[in-house]
Structure formats: structure tokens, C-alpha cells
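In: generate a structure from the sequence data that follows.
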Amino acid sequence: MTIAATEEESTHESETPVEPDRARMTRALRDLEAAQARVERDAQRLNTETRSKLVAELLPVLDGLDRTIRVARDANAASASALLQGVRLVRAQLESVLRGYGVVRIDASGAVFDPTIHEAVSAAPVGNSAQHGLVLEEVEPGYLFGGRLLRPAKVVVGRQIVARAIER
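Out: Okay, here's the model as predicted:
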């Protein structure tokens, strides 16, 4: 064997690819799958937050339409009737769009006050113990979005007044 042949063989042996480390490749694959799942979760969260922001900005418009409907209904004028009908149609359309995005209105009237979904704006005295702690009036509706509270219902809560005996 010549020196040139020996050098060529040793160079050829060092260039032979080393067997891949199976555990290292499996770990890299798991890391890649975890990163992909994290990116998907972050994208879903961002999508939900963006939709939530849009819905939150539309709710005051819905509230304004509700106030306009109440004022027009109370006016009882002939022209108010046409205005009232038009506003009701717009309101129904807006509410339908919001429902399509997953917005659910909280029905608070007559419900037991729940601080997780209601915000008490005032308390009204009640003489009946059955009305104590009940929502007497809904000042502004609350909404759920994607199963989470978007805005609590602003309510008036019944509070029983207990007469105290006067000590002499």
C-alpha cells in the first residue's frame, strides 16, 4: 500500500456520516411540536382578545339604541312610532350580529344578586324578606363572551330594612 492510498482511506473514513442520535432527534421533534402548539394557543388567545375588544366597543351602541327606544316609546308621538320601529330593527340586527360572535346577554331582572356577574349600582329598600338580595331593576345589561364575563350587569338590589326596637 502506498502512502497516498493510506491518506485517502483515512480521509474517507473521517467523512463517513455519524449515525444520528435517535433520542436527540425525538427530543427536537417534541420541542417543535410544543412550539407549534404554543403558537396555535397564542393565536387563538389573540383572536379571542381582538373579538372581545370589538364586542366591548359595540355594546355602548346597543345601549344607546335601547335608550332611544325607551324615549321614543314614552313620547307616544306619531313620528316617534316610525323612529321607534326603525331603531328596533337596527337594534335587532346589531344584537343578531353580536350573538353570531358568541355574545350572550345576562338576564338579571328578578335574579339573585351574584357579584360575579352583577355590579350593584344601588340598593333599594324592600319590606319583603323574599325580595332581599334580588335584582329589582337592571340599569344596564351585562354580557358574556366566549363563556367569560365581558361586562357585568349594572343592577339595583333589594335590601330588607329591619326595624330596630328603640331602647328606653
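In: mind checking the longest helix of this protein?
Out: helix 22-75 (DSSP state H).
In: what is the distance between the helix or strand that comes right after it and the centre of its chain?
Out: Sequence-wise, the next helix or strand downstream of helix 22-75 (DSSP states H and E) is helix 78-100. Chain-centre distance of helix 78-100: 24 Å, with Cα atoms, centre = their mean, to the nearest Å.
In: for stretch 123-135, buried residues please.
Out: Buried residues in stretch 123-135, counted by 16 or more other Cβ atoms under 10 Å: 123, 126, 131-135. To be clear about C-beta, it is placed using only N, CA and C from the backbone, and glycine gets the same treatment.
In: and if you look at stretch 147-155?
Out: Going by 16+ other Cβ under 10 Å, stretch 147-155 has these buried residues: 150-155.
In: convert the C-alpha atoms of it to CSV, please.
Out: Written as CSV, here are the backbone C-alpha positions of stretch 147-155 (Å, rounded to 0.1, in the frame of the first residue of the first chain):
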residue,chain,number,x,y,z
GLY,A,147,-68.0,31.8,28.4
ARG,A,148,-66.3,34.7,30.1
LEU,A,149,-67.8,37.8,31.6
LEU,A,150,-67.4,40.7,29.2
ARG,A,151,-69.3,43.2,31.2
PRO,A,152,-71.3,42.8,34.4
ALA,A,153,-75.0,43.8,34.5
LYS,A,154,-75.5,47.0,36.5
VAL,A,155,-78.3,46.5,38.8
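In: just to revisit the earlier point, closest to Asn47 among the buried residues of stretch 123-135?
Out: Distance to Asn47, by Cβ to Cβ, is smallest for Val135 among those, at 33.1 Å.
In: perfect, I'm done here.
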